[in-house]
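Peer 1: Next come a sequence and a model predicted from it.
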Amino acid sequence: MNNRMQSIRVGLFFVLGLALLWVTFESLNGGRVFKQKGYPLVAKFDNLKGLHDGDDILMAGVRIGSVKQTRLKNRQAEAELSIQPEISIPNDAIATVATSSLLGSNHLEVTVGSNGVPFLQPGDEIKTQKTVDMNEVIAKLGSLGDRLEEIATDIGKNLGGGANGNLFTKIDKLVTDNGPKLTDTISNLQDITAKIRNGDGTFGKLVNDSKLHDELLASVGEIKGAASDARTFIANGQSVIDQIKSGKGAVGALVFDGQTGDNIKLTVKNLREVSDKLNNGQGTLGKLINDDSLLRDAQGTMRKVDRAVDGLSDQGPITAVGIAAKSLF
């Protein structure tokens, strides 16, 4: 009986040992007795940040493979990945090293990529992205803490004291030295506000007299109207200038039409020649203006006509004609 119980105990112990071996083997092989074969991919990083062989590869939180091997090649870290055969990864997917837990274990996180793009083929290199290193973050936080401590120390020196005294002492000295000036300033401000409240001065009347306020508003309205008229005048002037520039109208033709300018020049030249001839006594009008003898002859002729007309009143028609001819010639 004792031998039988002992054999049973030994058998149970053997079974328990096999179970422990099975659990250990499962843990070391990622939960699989026989590793499922997958196609390889390569991911290159500046720093694997503690990624080890056998770490999981996750996409959208789902395990799609494992890290088969990590190595250093040409001064660059590489991770050889084993992806499950039924999983297709778009060629724009990005792999990053992510933290699995606070204990420091890591895994490889792969984005799902875009639809309608080609898939990575066995042996291709997947795109990678640098991740934030917690050690660098902690180092930066440490430097930030040192900086904050320096700032706090400076504030403490300014508030608590130093070679030139604390901040409150400086403020007290400033108020003490300028106390009389501040008192006078406050008194002057009180006098000014009292005058304004009583309606004294221009500003006080403006504040208290509604009629003056209305007149001021009316004046402002008139100024706005004048400004509007000025803008209208300027716009009209600009329109006239634009028409002149385009050669429209008499002024535009005078300024921009070459033929009109030539005609004006020719007319002025002709007038100058006529005036020169008149001044020089050339032509009938020039002689009439410059020769006094023609004027005297005309005056003599007119006197003869007057005498002939006076003699016609007492003579007949034939006689009158003869007298007029004799008087004139």
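Peer 2: Now that the structure is in, tell me what you want to look at.

Peer 1: Now do stretch 101-120: distance to the chain's middle.
Peer 2: Remark: stretch 101-120 is offset 41 Å from the chain centroid, using C-alpha atoms, centre = their mean, to the nearest Å.

Peer 1: For that stretch, list every residue counted as buried.
Peer 2: Within stretch 101-120, the residues scored as buried using 16 or more other C-beta atoms under 10 Å are Asn106, His107, Leu108, Glu109, Val110, Thr111, Gly113, Leu120. No exception for glycine: its C-beta is placed from N, CA and C like everyone else's.

Peer 1: So which of these sit within strands?
Peer 2: Among the buried residues of stretch 101-120, DSSP state E puts Asn106, His107, Leu108, Glu109, Val110 in strands.

Peer 1: Let me know the secondary structure of Pro85.
Peer 2: Assigned with DSSP: H, G, I helix; E, B strand; the rest coil, Pro85 falls in the coil class.

Peer 1: Touching, it and Gly65? I think so.
Peer 2: No. If you go by C-beta atoms under 8 Å, Pro85 and Gly65 don't touch, sitting 9.7 Å apart.

Peer 1: Can you pull the residues that touch both of those two?
Peer 2: Residues touching both Pro85 and Gly65 by C-beta atoms under 8 Å, 6 or more residues apart in numbering: Gly38.

Peer 1: Looking at these two, which is more packed in?
Peer 2: Set side by side, Pro85 and Gly65 show more neighbours around Gly65, with 24 against 12, by other C-beta atoms under 10 Å.

Peer 1: isn't there a strand covering the more buried one?
Peer 2: Yes. Assigned with three-state DSSP, Gly65 falls within a strand.

Peer 1: Against Lys73, how distant is it?
Peer 2: Distance of Gly65 to Lys73, given as C-beta to C-beta, to the nearest Å: 20 Å.

Peer 1: CSV for the ones in strands among the buried residues of stretch 101-120, including pLDDT and distance to Asp146?
Peer 2: Output for these, formatted as CSV (pLDDT from 0 to 100; distance: C-beta to C-beta, whole Å):
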residue, pLDDT, distance to Asp146
Asn106, 87, 29
His107, 91, 34
Leu108, 93, 35
Glu109, 94, 33
Val110, 95, 38
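
Peer 1: Next, format those as a markdown table and append distance to Thr284.
Peer 2: Formatted as a markdown table, these follow (distance: C-beta to C-beta, whole Å):
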| residue | distance to Thr284 |
| --- | --- |
| Asn106 | 124 |
| His107 | 124 |
| Leu108 | 121 |
| Glu109 | 118 |
| Val110 | 117 |
